[in-house]
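Undergrad: Here is my input; please provide its structure:
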Amino acid sequence: MSGRKFFKANADKILKSVDRRSFLLKAGLLTTGIALNACIKKIKRSSSYSHIKGQLKGPDMRAGHILRDKIPVPPPSGKRAVGTLIIGGGISGLSAARWLKRNGYENFELIELELNQGGNSRFGGNQISSFPLGAHYITIPNNHDKELLQFLEEGGIITGYNDGLPVYDEFSLCFDPEERLLINGQWQEGLVPDFGLSEKDKQEIKSFFKLTEQLKKDIGDDGKYAFDIPLDNSSTDPVYRKLDNISFKDYLSQEGFTSPYLLWYLEYCCKDDYGQKLNRISAWAGLHYFAARKGKADNAENNTVLTWPEGNGKLMQLLSAPVKTHILTSKMACNIALKNDKVEILLLDLKSNKSEIVTADNVLLATPQFVNAKILDQIKRPAFNQHGFNYAPWLIANISVQYLSQGKGAALSWDNVAFNTPSVGYVNANQQSTKLGENKKVITYYLPLCDHNCRVSRLAAYARTYEQWLDIIMPELEFMHPGIEEAIENIDLWVWGHGMISPTPGFIWGNDRKNASRSIENKIFFAHSDLSGISIFEEAFHQGIKAANEILDK
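TA: Down below sits the predicted model:
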């Protein structure tokens, strides 16, 4: 059942706990004159969009509804055993699998309920280019992150070292030009506002970056960096950790940062990495965005981006390659129980609709906590609070265009953002292409759904039709590139209802995250980026290694 069909079938139940008019207003469905019934049923496509082909997709909603609503599955047709079962084929699960195999442990399987593994690092493609469906880059890693550097060496992304600094593959380093911003009627180079700003605004921006440059170097009273990646390596010094208890917005106000241009840029960064605005992100997390990244390279500037047409799908493929024979897709864990010193898992094959029982010595749950709460509903998790975890919804649009106007000012870049618009812009999936003179392009547009709380935004996202999403996307695209509508051939939409964990005030160093990480009876282990509170590749990668080591150390 699709998300829209499910919403229609359960609208009364959903709206029972949310005032109907309040929900519709918050969802943006009344403000455009669209009633709920019109939103649910299929609307005839606007004549201006009639030439645009495409689809609205997302993660497997049917599987999610089976778990959430406890829909009965067929009785098990068999039983088998495995040493370790990894549930979840996102980055953390794949990282754990790779680490187990690297350390000589091969008695494991990894199951993924989707047709393909990868989580929000999945990707798609067409005749023009591959393109990301979610995460699309990492910055060059910190030089003390030995595990990640070693992985990038194995994958050929680091090709060697010169005077102790890594040399990166030139085709993985983002090609120039890297970033541009449409501001005050012109495209400027870089995303930090500069064109048309007053001297006062420029000085305030300079002061903020002076602060974060110092925070990059700061060492706590325990000898650790104040901000680091993975974040659990950061200092425990209360001088820094107390920043987690207030919002980034309040912190900036207290520090006297008031420039609308600076505040816009910092909100853009929070939306980009955390899916939320300044007032819903902790000050510690907001500063971590700038102060934790310290990587240096022999052939690239600090904080240079590593990216590929398929986005982080490139890294996902590198993680998958050594463990591909261990991966089973379209398999869903419906229930987990502890029995006779073993872990017993009820698995459903989503293709055949047949189930089986798998017994394991260990289970590694590389799944988000709202999923774990359903799978483990018969097992007590001490002090676990699922409601402490907030997941930001997103819309991703991959747009095939015949041509793309450059506009006034800086040239088309990898990352293209417009000042004070709803999205965080688009990336040019063709940026890393070596073909010359290409006119057709795929641009990947990212829209965090953060105007309201996550639950309301999520319900609204599931309710919207393809045509209504186009009504949201096209005005911004036209603002960035007047006349672009005529050049668009295809728009494929992807909705992530739980796109990423958001580090709300008090979450990073609070008890909810810590308690959710604890293993159960040394048999059930946990690994997911939501256990870091920050949904970036590096955190998921290290969460997988951490959980794998817990199994290896038994």
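
Undergrad: show me the contacts for the closest residue to residue 245 other than its chain neighbours.
TA: Closest residue in space to residue 245, ignoring its immediate chain neighbours: residue 506 at 5.5 Å, by C-beta to C-beta, 6 or more residues apart in numbering. From N, CA and C alone the C-beta is placed, and that goes for glycine too. Neighbouring residues of residue 506 by C-beta atoms under 8 Å, 6 or more residues apart in numbering: 244-245, 282.

Undergrad: ok, the residues you listed vs residue 480, which is closest?
TA: residue 282 (31.3 Å; C-beta to C-beta).

Undergrad: any idea how far residue 241 is from the closest one?
TA: Noted for residue 282: a distance of 10 Å to residue 241, by C-beta to C-beta, to the nearest Å.

Undergrad: Show me which positions of stretch 291-307 end up buried.
TA: Within stretch 291-307, the residues that count as buried by 16 or more other C-beta atoms under 10 Å are 291-297, 299-300, 304-307.

Undergrad: Pick out the most distant pair among the residues you listed.
TA: Largest pairwise distance in these, by C-beta to C-beta, is 24.2 Å, between 291 and 299.

Undergrad: I'd like the buried residues of stretch 291-307 as a markdown table, with secondary structure, distance to residue 441 and pLDDT appended.
TA: Shown next, in a markdown table, are these (DSSP: H, G, I helix; E, B strand; the rest coil; distance: C-beta to C-beta, whole Å; pLDDT from 0 to 100):
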| residue | secondary structure | distance to residue 441 | pLDDT |
| --- | --- | --- | --- |
| 291 | helix | 35 | 98 |
| 292 | coil | 33 | 98 |
| 293 | coil | 29 | 97 |
| 294 | coil | 34 | 96 |
| 295 | coil | 29 | 96 |
| 296 | coil | 32 | 97 |
| 297 | coil | 28 | 98 |
| 299 | coil | 27 | 97 |
| 300 | coil | 25 | 96 |
| 304 | coil | 23 | 94 |
| 305 | strand | 18 | 96 |
| 306 | strand | 21 | 98 |
| 307 | coil | 15 | 98 |
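
Undergrad: Now render the residues you listed as a markdown table, adding distance to residue 249.
TA: Converted to a markdown table, those look like this (distance: C-beta to C-beta, whole Å):
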| residue | distance to residue 249 |
| --- | --- |
| 291 | 18 |
| 292 | 20 |
| 293 | 22 |
| 294 | 26 |
| 295 | 28 |
| 296 | 32 |
| 297 | 34 |
| 299 | 38 |
| 300 | 33 |
| 304 | 29 |
| 305 | 27 |
| 306 | 31 |
| 307 | 30 |
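
Undergrad: the strands in the stretch 301-450 of the chain, which residues?
TA: Assigned by DSSP state E, counting those that start in this stretch, the strands in the stretch 301-450 of the chain fall at 305-306, 327-329, 331-339, 342-349, 354-365, 391-401, 415-418, 426-428, 441-448.

Undergrad: Residue 376: neighbour count?
TA: Neighbours of residue 376 under the rule other C-beta atoms under 10 Å: 21.

Undergrad: In ChimeraX, select just the buried ones from the contacts of residue 506.
TA: What follows is the ChimeraX syntax selecting those of those that are buried according to 16+ other C-beta under 10 Å:
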select :244,282
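
Undergrad: Now, the contacts of residue 506 that are in helices?
TA: Taking DSSP state H, every one of those sits outside helices.

Undergrad: Now tell me what touches stretch 102-118 from outside.
TA: Residues contacting stretch 102-118 (C-beta under 8 Å, 6+ apart): 59-60, 63, 82-91, 93-94, 97, 100-101, 122, 313, 316, 320, 322-323, 326-333, 347, 350, 358, 548, 551-552.
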